[in-house]
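In: 3D model of this:
(one chain, ligands or ions: 2)
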Amino acid sequence: MRLTRSLLPTIKQNPAEAQIASHRLMLRAGLVRQVAAGIYAWLPAGWRVLRNIAQVVREEQDRVGAQELLLPTLQSADLWRSTGRYDAYGPEMLRLKDRHDRDLIYSPTNELLIADLLRQSVHSYRELPQILYHIQWKFRDETRPRFGVMRGREFLMKDGYSFDLDHAAAVRSYRIMMLAYLRTFQRLGVQAVPMAADTGPIGGDLSHEFHILAPTGESQVFYDAGVETIRIGTDDVDHTDPGQLDRFFTAVTTPYAATDEKHDLAAWEQVPAERRREGRGIEVGQIFNFGTLYSELVGLQVAGPDGTSIAPNMGSYGIGVSRLVGALIEAHHDDAGIIWPDSVAPFRAAILNLKQGDAATGALCEQAYAAMPGRALYDDREERAGVKFADADLMGHPWQVIVGPRGAAAGTVELKRRATGERQELTLDAALAHIA
Ligand code: ATP
Ligand code: MG
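Out: Ligands and ions are numbered 1, 2, ... in the order given. This is a model prediction of the structure:
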């Protein structure tokens, strides 16, 4: 995109309403604007980041055999009423009426709806297992929306659901999702630590939350320092091989790591004192197994191998896609602005024309722009170099191609890597090779 033709409204001053770095930077870099409390408009650069994160999530779900579908944001309240969940959910659920005075709800989560869909279409154990997911907006009327997109009321979530014949098979699906999640976070350029977690009102016995360790996190977490540095080679794990899956799962869940609800003092005492860490975490995902609870609520049953009816064992798996935009910035920024991981950056490179109107810099910039179709932001404004440098650092593009008159005369550009600040003088071709 050309900056002069784009809606990329950067702000120099710190917005007074923002308390944490990611919220400030998302407003300043022109990624989002608040429309109502906890409800945001995603401007073009912010939408690109959100789409990039969703795409990584999607690819890692697909890779382990989960199937993508799309459920609606609005549902009839009937299913929630008939299963007793309508009153149980509380005021976080947005309830509306249509013109015929029928009750609707805006989905805060979809266990019921998906279990009911399977009730209608799956009848035999031969059709299991199934893992289904979608990436869709949720609404929860949070009492205190805050920290920008980190705790919104409308937010984008990947929610997935597994259906298995029995508990052992459900545990396998759970472990496969653990693998998919760690691969996802690795590709997004963050360390998200799986922590033993409370299952909350949903019930069940098995749950992990994934936390990015950051002082601005809302959760209190306890962990063995070893979890900060372990790197599990998730690429080598074949999710269809039960032995490999078990070894992987044991390796990632053995070091002590728990949220405060699950903090276990006896186990904590076993961690050598010098390795005990207590800190804050941002919850970017959670996985659950909750057994047959929802299958029973909606009357989902399949015929088992011996002909008896069996209620499938279910799990649910969430990733906060829009929260991740903020969480990634919390993990990757400096005083000058955002430092996007390559995998999610809205633009791979910015092209900075330091002398707009000059024939030589203009020609070189156009050449660079044409060589990176759809992947570069060309700063073609009539602005001082200092303004262009500051905005490029603020927006956090992994690379900057800086084109000044002296270099242009010699046929060179300056290539800056945002993460390290390293600069090199190169021919345009050499710079493009680095960026690619
Ligand atoms: P929290 O404890 O932060 O309120 P939760 O445990 O209620 O979240 P889940 O039902 O586990 O949330 O939803 C799955 C994921 O969706 C969470 O791990 C989180 O990343 C994200 N999420 C939940 N609530 C919000 C919100 N209000 N704004 C943005 N993301 C959210
Ligand atoms: Mg949760």
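In: surely S295 and L112 touch.
Out: No: with contact defined as Cβ atoms under 8 Å, S295 does not reach L112; the gap is 10.6 Å. No exception for glycine: its C-beta is placed from N, CA and C like everyone else's.
In: among the two, which residue is more densely surrounded?
Out: Higher neighbour count among S295 and L112: S295, with 22 against 18, using other Cβ atoms under 10 Å.
In: run through who's touching the host helix or strand of that one.
Out: Element membership for S295, per DSSP states H and E: helix 293-298. With contact meaning Cβ atoms under 8 Å, 6 or more residues apart in numbering, helix 293-298 is reached by 79, 83-85, 111-112, 115-116, 119, 163, 202-204, 300-301, 311-314.
In: and the residues you listed, which are buried?
Out: Buried subset of the contacts of helix 293-298 (neighbour count, 16 or more other Cβ atoms under 10 Å): 79, 83, 85, 111-112, 115-116, 119, 163, 202, 204, 300-301, 311-314.
In: of those, which belong to helices?
Out: The helices, defined by DSSP state H, take in L79, R85, E111, L112, A115, D116, R119 from the buried ones among the contacts of helix 293-298.
In: tabulate those (JSON lines), appending pLDDT and distance to ligand 1.
Out: Shown next, in JSON lines, are those (pLDDT from 0 to 100; distance: Cβ to the nearest ligand atom, whole Å):
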{"residue": "L79", "pLDDT": "96", "distance to ligand 1": "18"}
{"residue": "R85", "pLDDT": "94", "distance to ligand 1": "14"}
{"residue": "E111", "pLDDT": "96", "distance to ligand 1": "10"}
{"residue": "L112", "pLDDT": "97", "distance to ligand 1": "14"}
{"residue": "A115", "pLDDT": "98", "distance to ligand 1": "16"}
{"residue": "D116", "pLDDT": "98", "distance to ligand 1": "19"}
{"residue": "R119", "pLDDT": "98", "distance to ligand 1": "23"}
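In: check those and tell me the two furthest apart.
Out: Taking Cβ to Cβ as the measure, those span a maximum distance of 15.2 Å, between R85 and R119.
In: which SS state does Y369 fall under?
Out: Classification of Y369 by DSSP: H, G, I helix; E, B strand; the rest coil places it in helix.
In: who's in contact with it?
Out: By Cβ under 8 Å, 6+ apart, Y369 lies in contact with R2, I351, A376, Y378.
In: quick check: the gap between it and E60.
Out: Distance, Y369 to E60, by Cβ to Cβ, to the nearest Å: 32 Å.
In: then P215?
Out: Distance from P215 to E60, by Cβ to Cβ: 28 Å.
In: which one's more surrounded, the two?
Out: Comparing P215 with E60 by other Cβ under 10 Å, the one with more neighbours is E60, at 24 against 10.
In: surely that one is within a strand?
Out: No: looking at E60 with three-state DSSP, it is helix, so not inside a strand.
In: mind listing what it touches?
Out: Residues near E60 by Cβ under 8 Å, 6+ apart: A180, Y181, R183, T184, R187.
In: burial count for the fourth one?
Out: Applying the criterion other Cβ under 10 Å, we find 26 residues in the vicinity of T184.
In: and what of the last one?
Out: Residues near R187, counting by other Cβ under 10 Å, number 18.
In: give the closest residue to the residue in the chain that ligand 1 sits nearest to in space, chain neighbours not counted.
Out: Ligand 1 sits closest to G320 of the chain, with a gap of 2.2 Å, by Cβ to the nearest ligand atom. Leaving aside its chain neighbours, G320 sits nearest to V284 (5.3 Å; criterion: Cβ to Cβ, 6 or more residues apart in numbering).
In: give me the pLDDT value at that neighbour.
Out: Here, the pLDDT recorded for V284 equals 98.
In: please apply the same query to the one 10 residues further on.
Out: Y294 carries a pLDDT value of 95.
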